[in-house]
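Visitor: predicted model, plus sequence, below.
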Protein chains: 4
Amino acid sequence: MLKMNPRNPLLKTDRLEMFTDGVFAIAITLLILEVKIPKHAELEAYGGLAGYLLKIWPAYLSYVVSFIVIGIYWSNLHWLFSFVIIRTNHVFNLLCLLFLMTIAFIPFTTAILGDYVLDPHYRNAAVTAYCIGFILPILTSYLGALYAFHQYRLVDPRISKNFLKKLLMQFFVSLIMPLIAIGLSFRYPWVSLGIVLVNVLLFLIPPEKPVYTETATASVTA
Amino acid sequence: MLKMNPRNPLLKTDRLEMFTDGVFAIAITLLILEVKIPKHAELEAYGGLAGYLLKIWPAYLSYVVSFIVIGIYWSNLHWLFSFVIIRTNHVFNLLCLLFLMTIAFIPFTTAILGDYVLDPHYRNAAVTAYCIGFILPILTSYLGALYAFHQYRLVDPRISKNFLKKLLMQFFVSLIMPLIAIGLSFRYPWVSLGIVLVNVLLFLIPPEKPVYTETATASVTA
Amino acid sequence: MLKMNPRNPLLKTDRLEMFTDGVFAIAITLLILEVKIPKHAELEAYGGLAGYLLKIWPAYLSYVVSFIVIGIYWSNLHWLFSFVIIRTNHVFNLLCLLFLMTIAFIPFTTAILGDYVLDPHYRNAAVTAYCIGFILPILTSYLGALYAFHQYRLVDPRISKNFLKKLLMQFFVSLIMPLIAIGLSFRYPWVSLGIVLVNVLLFLIPPEKPVYTETATASVTA
Amino acid sequence: MLKMNPRNPLLKTDRLEMFTDGVFAIAITLLILEVKIPKHAELEAYGGLAGYLLKIWPAYLSYVVSFIVIGIYWSNLHWLFSFVIIRTNHVFNLLCLLFLMTIAFIPFTTAILGDYVLDPHYRNAAVTAYCIGFILPILTSYLGALYAFHQYRLVDPRISKNFLKKLLMQFFVSLIMPLIAIGLSFRYPWVSLGIVLVNVLLFLIPPEKPVYTETATASVTA
């Protein structure tokens, strides 16, 4: 099932996973750099340091939400590499790179949201930007899954075809809510943020155990 | 003892440990970014570069204390994953994520403390912020331990029940000093910082060797 | 074939690979820090937040291109350490360090390009800087390959001599296009950028499978 | 020889090495953040972007020197953990933490040097700061070696006593040149920088192969 191509040989996933873990760990930790330390001169306008630290609550909330978002992507990827995807190749490395590019972009849209969500003039644009930053990793991971699952290209051959189909369907469905959020953000930014929050909460549900083909189950049970 | 749940299967801890190590390594190294490089125009006010470098000693001290704080958390986690917690699952991954969120927050409160501890107007708020940043990882790691230790969910089954109870008690007790420090920070910020410092020194004491059940000890000795 | 030198003993490549992966993961994630979050006061000049986010498209493009550039270098290095280079020594560690120094430099030239490519006064200098930042890792990796391949110093002894020669030739040839880009950047910066883009696209072609000596092939097939 | 202490049990070095590698990789990559991207308004004073990029050569030089300094420390540590130190414990973890604290400090003194070495008013202070940042990791690694080598506490027991003594002597001697550099920096900053540069070049010499005790050599040869 695992086809060989002389210019695109199959590789173990260990180094790809390490590199991915590195990028995730850095992107998630960089989020704190966007919670700004106040300059002395700014504090008067905020009514002192305590006032400043209380009034920047949207920055804390953006931090928490984006930390969970990146963390969930990491956890799901971890699961995918533990149970489903067992090999990689040059093309899949590139698709993972594309995915990581969208993960490392999240600190930027997070900072935009934290800085401007309370400003009525710029709220809509800030929320649109955040929702776009939110959907990009779903889109790129969907592309990666389409490539990896195609004819069991990089997948554990014991996993049942229906389970792979179901996973792809879940990827596809998970694009719908953020798409609606983007559409609504131009007029109802708070509704968009609510949708994103619900989406994040749905992500917290652990992924299902993979279903194996009958023969594979037999060999595992035996 | 290690119960299986089809939606929450047990996983090896290696990738969780790697990800955790990554976040710790980055958070601890980001601390230096909060020791600010002076702009040319600022130097006159400080009496030159030498004057600047001497007068920002609170920034160095915050750097050193927070480096030790994050380092000790890392070291203790290292110990926990070496001797006590031997498996993970989706929920524990999320609890670890929550813990890492509070670790990655420390550079922020460290910068606040370094910038404002010498300013009498803002000292109290700066110390309160630092103490809150200090207690959060203790709180979230306590939650994680409660979950992992419950009915030996993710724990080495050979470890004695009393030892686990003692560990949880230590977690709980370690919340008391920082709570007092937060309370006092509104009026006696220097006392609060003293308590935090003593707390950090107590953390330096190495953790105890785990105690095994009698049968396990027998099997180890045999 | 793998010669021993008492002051330069051969080592396994695993820790060098981990360190390299770490630097790559950080350099690639730091790129996002160069996409600047707008200050409130600046937004008027851009026609609001939406205007700002649209007008900084060169920063996004620089981000994407440099992400791919660093990612491809990582992918190619991954391939080199999987199939060709199987040992390291003190001198090669230093050469890898030199290479990493040029990788970690890319976020700087990327930021220069993103900030000034649309400004006719500074475009030429920005593109020259970017092209120099682009050629440096090719140059230093060529040096590393020359050292590692010399008399099979750190190379899998089963690989055919012709394949190593061909690889070195490819390294050498890949210097030509960026050199032309640097030369043209002083007068035709857009042409230079076009050349760099084509070069990046050529990098996307997966590396060839290594060719083994006849005896090695026999032993592998047997 | 490897003595056990119930509160300070011996551990494998693998996770300590990974954490150390992480901090090194981040500290070395953060150096580039100190090479500042020019603001549009500043460029006039420098005669344009090309002028700016040429005139900040001290920032490039600081980047290169500090990259090599951190890289060499990493390479030497790598060597120490490959051949000499084979176990760790709680105390040694803390000493490594102290060492990493001084490594992560180097980006700060590097930025100071790059920004102020060309300014005659602040050159002396900048060079003193850099030299202090340079000696701190030597000092803390010396402390770590003293602890680890004491009565073969964490050391490969086959290594000869004389070799360990020689290593400690080399650590001690390597403190002398930077101490002289610090002393001279108050009056002759360029001489100090010259001494540091020579010191860095001396670091490039690969470490010697460890010498084993006669019985160990016999067992290895047999």
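Guide: The structure has been received and is ready for your questions. These numbers were taken from a predicted model, which means no experiment stands behind them.

Visitor: tell me the spacing between A:L16 and A:N89.
Guide: As judged by C-beta to C-beta, to the nearest Å, A:L16 and A:N89 stand 10 Å apart. Just so you know, the C-beta spots here come from the backbone N, C-alpha and C atoms, and that holds for glycine as well.

Visitor: A:F99 too?
Guide: 15 Å.

Visitor: which sections of chain A are below the confidence cut-off?
Guide: For chain A, the stretches with pLDDT under 70 are A:1-8, A:214-222.

Visitor: would you map the strands across it?
Guide: Applying DSSP state E to chain A gives no strands.

Visitor: need the residues of it near chain D, please.
Guide: By the rule C-beta under 8 Å from any C-beta of the partner chain, the part of chain A lying against chain D is A:I26.

Visitor: center of chain A - which residue?
Guide: A:Y73 (4.0 Å; C-alpha atoms, centre = their mean).

Visitor: which stretches in chain A count as helices?
Guide: Ranges of helices in chain A, per DSSP state H, are A:14-30, A:48-55, A:57-83, A:90-103, A:106-116, A:123-149, A:161-173, A:176-185, A:189-203, A:214-221.

Visitor: how many other residues sit next to the residue lying closest to A:I56 once chain neighbours are set aside?
Guide: Using C-beta to C-beta, 6 or more residues apart in numbering or on different chains and skipping residues adjacent in sequence, the residue nearest A:I56 is A:V35, 7.0 Å away. When neighbours are defined as other C-beta atoms under 10 Å in any protein chain shown, A:V35 has 19 of them.

Visitor: for A:V35, what are its contacts?
Guide: Listed by C-beta atoms under 8 Å, 6 or more residues apart in numbering or on different chains, the contact set of A:V35 reads A:56, A:59-60, A:63, A:114, B:108.

Visitor: now for the helices of chain A, which one comes closest to B:Y142?
Guide: helix A:57-83 (18.8 Å; C-beta to C-beta).

Visitor: any part of the closest one near chain C?
Guide: No: on the criterion C-beta under 8 Å from any C-beta, helix A:57-83 is out of touch with chain C, staying 11.2 Å away.

Visitor: and stretch A:164-180, end to end?
Guide: End-to-end span of stretch A:164-180 (C-alpha to C-alpha, to the nearest Å): 26 Å.

Visitor: quick one: distance of it to the chain centre.
Guide: Stretch A:164-180 sits 13 Å away from the centroid of its parent chain (C-alpha atoms, centre = their mean, to the nearest Å).

Visitor: which residues sit against that stretch?
Guide: A:84, A:131, A:134-135, A:138-139, A:141-142, A:145-146, A:149, A:152, A:155, A:195-196, A:198-199.

Visitor: roughly how far does the residue nearest to A:I56 sit from D:L31?
Guide: Distance from A:V35 to D:L31, by C-beta to C-beta: 24 Å.

Visitor: so how far is C:S62 from the residue nearest to A:I56?
Guide: Counting by C-beta to C-beta, the gap from A:V35 to C:S62 is 25 Å.

Visitor: now swap in A:Y73 and tell me
Guide: Distance, A:Y73 to C:S62, using C-beta to C-beta: 24 Å.

Visitor: name the residues of chain A found near chain B, please.
Guide: A:17-18, A:21-22, A:24-26, A:28-33, A:35, A:37, A:40, A:43, A:48-50, A:53, A:63-64, A:67-68, A:71, A:74-75, A:78-79, A:82, A:204-209.

Visitor: buried ones among these?
Guide: A:17-18, A:21-22, A:24-26, A:28-33, A:35, A:37, A:43, A:48-50, A:53, A:63, A:67-68, A:71, A:74-75, A:78-79, A:206-207 (16 or more other C-beta atoms under 10 Å in any protein chain shown).

Visitor: list the contacts of the closest residue to chain C within chain A.
Guide: Chain A approaches chain C most closely through A:G22 (3.0 Å), counting by C-beta to the nearest C-beta. For A:G22, the contact set (C-beta under 8 Å, 6+ apart) comprises B:22, C:21-22, C:24-26.

Visitor: got the residues you listed as TSV, with distance to D:N124 columns?
Guide: Output for these, formatted as TSV (distance: C-beta to C-beta, whole Å):
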residue	distance to D:N124
B:G22	39
C:D21	40
C:G22	36
C:F24	38
C:A25	38
C:I26	33
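
Visitor: D:I159: which of those residues is nearest?
Guide: C:G22 (29.0 Å).

Visitor: so who does the closest residue in space to the closest one that isn't next to it in sequence touch?
Guide: Leaving aside its chain neighbours, C:G22 sits nearest to D:A25 (3.0 Å; criterion: C-beta to C-beta, 6+ apart). Under the criterion of C-beta under 8 Å, 6+ apart, the neighbours of D:A25 are B:25, C:19, C:22-23, C:25-26.

Visitor: hmm, try it at 7 Å
Guide: Residues near D:A25 by C-beta atoms under 7 Å, 6 or more residues apart in numbering or on different chains: C:19, C:22-23, C:26.

Visitor: repeat for A:I182
Guide: Neighbour list for A:I182: A:128, A:131-132, A:135 [criterion: C-beta under 7 Å, 6+ apart].

Visitor: residues of chain A that sit close to chain C?
Guide: A:6-9, A:11, A:15, A:18-19, A:22-23, A:26-27, A:30, A:90, A:93-94, A:97, A:101, A:104-105, A:107-108, A:111-112, A:115-116, A:121-122, A:125-126, A:129 (C-beta under 7 Å from any C-beta of the partner chain).

Visitor: residue at max distance from the center of chain A?
Guide: For chain A, the largest distance from the centre (C-alpha atoms, centre = their mean) belongs to A:E44, which lies 38.4 Å off.

Visitor: do you know how far that one is from B:L113?
Guide: Distance of A:E44 to B:L113, given as C-beta to C-beta: 20 Å.

Visitor: cool, A:G48 as well?
Guide: Distance, A:G48 to B:L113, using C-beta to C-beta: 16 Å.

Visitor: A:F108 now?
Guide: When A:F108 is compared with B:L113 (using C-beta to C-beta), they lie 27 Å apart.
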